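Engineer: Next input, structure requested:
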Amino acid sequence: MSEVLSQDEIDNLLKALNSGELDGDDLKENTDKPVKDYDFKRPAKFSKEHLRTLEIIFEHYGRLLSTNLPVYLRKPAQVTIMNSEALTFSEFTNSLPNPVVLGIINFLPLNGNIMIELATNLAFAMIDRMLGGAGEPLEKTRDFSEIELSIIEKVMVICIKLLRDPWRNVVDLNPVLERVETNPQFAQIIAPTEMISIVTLNLKIGEVEGLMNVCLPFFTLESIMDKLNTKFWFSTMQNTDEEDYQRYIADIIQHVDIPIKAVLGHSTIMVNEFVNLQVGDVIRLDSKVAEELNIYVGNIRKFTALPGEMNDSYAVRVTSIIEGEE
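Structural biologist: Residues are numbered from 1 along each chain as shown. Coordinates of the predicted model:
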């Protein structure tokens, strides 16, 4: 890269040229630029800006995987972005082992499919964990059985649903898992010479670590390539209506199930009395019949209420709201 001159240096050079101290011919340099061969087999369809934006999208996706996979696998999960690169589809498929776990995903509403490759050691560890094991991979890789593939499909569906939110600023996705292949020869979703971008994620589930490769063909992303830049990404995030976001969060919270209980009262008895309890025995509580009951949301006392019935069921009528947490 040529040296960048400051404004003072430029002014001094111009003065020297005007005064004759310097000859313009002495300053001429060879302006011939090296010619770079263009490889028509590997057209540069993904710029560094595109790859960087894809990394930002899948960083968000990695955080979602880290928080959602432990719910199903009951083991901690760590997901980090390794790198992103552009290459041909044949280069990607030729590097795949056999057997392999390849999820073919219809990237609706975009045209075409994408692929997610999951390391076999991670796949066997997930299967072992879902079946109640310790989550250990196999010592020697083998083909997957039909039952194991069915379990992997369920895990893939979980991972695919998480793709919607990270892509929301670019396109409103509705991805659908079409099938899971274990042989790379049966996963030819595009021509071998087509360009793709590969985003590599490192997954660590418990003590088992492996890679997840997301294959994104240019053919599939072509209609939204102008949106795959950081300027569009951050401007979209900043222009998001805060009120709409608050309503979105409120709507999610409203559908969350929370436990609520009405406590009639408390009592203390001896173990001998507890063992000899019979049908019809009366346990005396520390509250009056007409006294208000405490209503708990989770473990927090939030309301007081009076007991009653409604439609042949026991019920309570809220009499006061307790501010703060008690």
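
Engineer: Next, the buried residues of stretch 104-120.
Structural biologist: Across stretch 104-120, burial judged by 16 or more other Cβ atoms under 10 Å covers 104-107, 110, 112-120. C-beta: built from backbone N, CA, C; applies to glycine.

Engineer: Nearest to residue 94 among these?
Structural biologist: Using Cβ to Cβ, residue 117 comes nearest to residue 94 of the buried residues of stretch 104-120, at 13.0 Å.

Engineer: Need the max-distance pair from the buried residues of stretch 104-120.
Structural biologist: 110 and 120 (28.5 Å).

Engineer: follow-up on the earlier one: any chance of the buried residues of stretch 104-120 in a markdown table, with pLDDT and secondary structure too?
Structural biologist: Shown next, in a markdown table, are the buried residues of stretch 104-120 (pLDDT from 0 to 100; DSSP: H, G, I helix; E, B strand; the rest coil):
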| residue | pLDDT | secondary structure |
| --- | --- | --- |
| 104 | 90 | strand |
| 105 | 89 | strand |
| 106 | 89 | strand |
| 107 | 85 | coil |
| 110 | 84 | coil |
| 112 | 84 | coil |
| 113 | 88 | strand |
| 114 | 88 | strand |
| 115 | 90 | strand |
| 116 | 90 | strand |
| 117 | 90 | strand |
| 118 | 89 | strand |
| 119 | 87 | coil |
| 120 | 87 | helix |
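
Engineer: for the residues you listed, which one is nearest residue 220?
Structural biologist: Here the nearest of the buried residues of stretch 104-120 to residue 220, counting by Cβ to Cβ, is residue 112; it sits at 3.8 Å.

Engineer: about what we covered before: next, format the buried residues of stretch 104-120 as a markdown table and append distance to residue 191.
Structural biologist: Putting those into a markdown table (distance: Cβ to Cβ, whole Å) gives the following:
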| residue | distance to residue 191 |
| --- | --- |
| 104 | 16 |
| 105 | 18 |
| 106 | 18 |
| 107 | 17 |
| 110 | 18 |
| 112 | 11 |
| 113 | 13 |
| 114 | 15 |
| 115 | 14 |
| 116 | 20 |
| 117 | 19 |
| 118 | 24 |
| 119 | 26 |
| 120 | 27 |
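
Engineer: list the contacts for the residue nearest to residue 164 when sequence neighbours are not counted?
Structural biologist: Counting by Cβ to Cβ, 6 or more residues apart in numbering, the nearest residue to residue 164 once its immediate chain neighbours are dropped is residue 173, at 5.2 Å. Counting by Cβ atoms under 8 Å, 6 or more residues apart in numbering, residue 173 makes contact with 107-110, 163-164, 167.

Engineer: what do you get if the cut-off is 7 Å, keeping everything else the same?
Structural biologist: By Cβ atoms under 7 Å, 6 or more residues apart in numbering, residue 173 lies in contact with 107-108, 163-164, 167.

Engineer: for residue 210, same thing?
Structural biologist: When contacts are counted by Cβ under 7 Å, 6+ apart, residue 210 is found next to 119, 121-122, 203.

Engineer: In strands only, show me those residues.
Structural biologist: The strands, defined by DSSP state E, take in residue 203 from the contacts of residue 210.

Engineer: Tell me where the model's unsure across this structure.
Structural biologist: 1-8, 20-44, 230-245, 248, 324-326 (pLDDT under 70).

Engineer: need the next SSE after the longest helix along the chain, C-terminal direction.
Structural biologist: Counting residues, the longest helix found in the chain (DSSP state H) is helix 48-73. The C-terminal neighbour of helix 48-73 among helices and strands, as given by DSSP states H and E, is strand 77-88.
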